[in-house]
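>>> Here is a sequence with its predicted model. Questions after.
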Amino acid sequence: MDALERIKKQVTDNPIMIYMKGSPDFPQCGFSARAVQALKACNVPFAYVNIFEDEEVYRALPKYANWPTFPQLYVKGELVGGCDITLDLYQSGELQKMLQEAVADKKAA
């Protein structure tokens, strides 16, 4: 399975997926840290990929969704955006609703 196929499988299999630098417990850049803080504040489970541990995904991900930077948040298989968009959605209350719906949809499936 090539990197693009793996990415597609990851974002399809996980209702909430973040590609980030580091891990949720040890983010390795400020943008990843802030995005993960917003996800954790929503109290929903999410999956992650540390792009530093998978160079193929690191190189392929910007091509996958035509988004050049990290982190990248996917909800129900769709790119939501990076750190700024994630924080804006969190501050408006939309992120919580979006994530709770994604988790509920996964449970219902």
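Arrived safely, thanks for sending. Numbers count the residues shown, from 1 in each chain.
>>> what's the distance between the residue most central in space within the chain and Lys106?
Closest residue to the average C-alpha location of the chain: Ile18 at 1.9 Å, with C-alpha atoms, centre = their mean. Per C-beta to C-beta, to the nearest Å, Ile18 is found 16 Å from Lys106. The C-beta positions use only the backbone N, C-alpha and C, and glycine is treated the same way.
>>> Tell me which residues are up against stretch 3-17.
Residues from elsewhere that reach stretch 3-17, judged by C-beta atoms under 8 Å, 6 or more residues apart in numbering: 1, 39, 44-49, 54, 56-57, 59-61, 63-64, 73-77, 99, 102-103, 105-106.
>>> filter these to the buried ones?
Buried members of the contacts of stretch 3-17, scored by 16 or more other C-beta atoms under 10 Å, are 39, 44, 46, 48-49, 54, 57, 60-61, 64, 73-76, 99, 102-103.
>>> now, which of those residues lie within helices?
Counting by DSSP state H, those place 39, 57, 60-61, 64, 99, 102-103 in helices.
>>> Nearest to Pro24 among the residues you listed?
Among these, Leu39 lies closest to Pro24 (C-beta to C-beta), at 7.6 Å.
>>> hey, where'd the strands end up in the chain?
16-20, 47-50, 72-75, 78-81 (DSSP state E).
>>> export those to TSV and tack on distance to Leu87 and mean pLDDT?
Shown next, in TSV, are the strands of the chain (distance: least, C-beta to C-beta, whole Å; pLDDT from 0 to 100):
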stretch	distance to Leu87	mean pLDDT
strand 16-20	13	98
strand 47-50	17	98
strand 72-75	11	98
strand 78-81	10	96
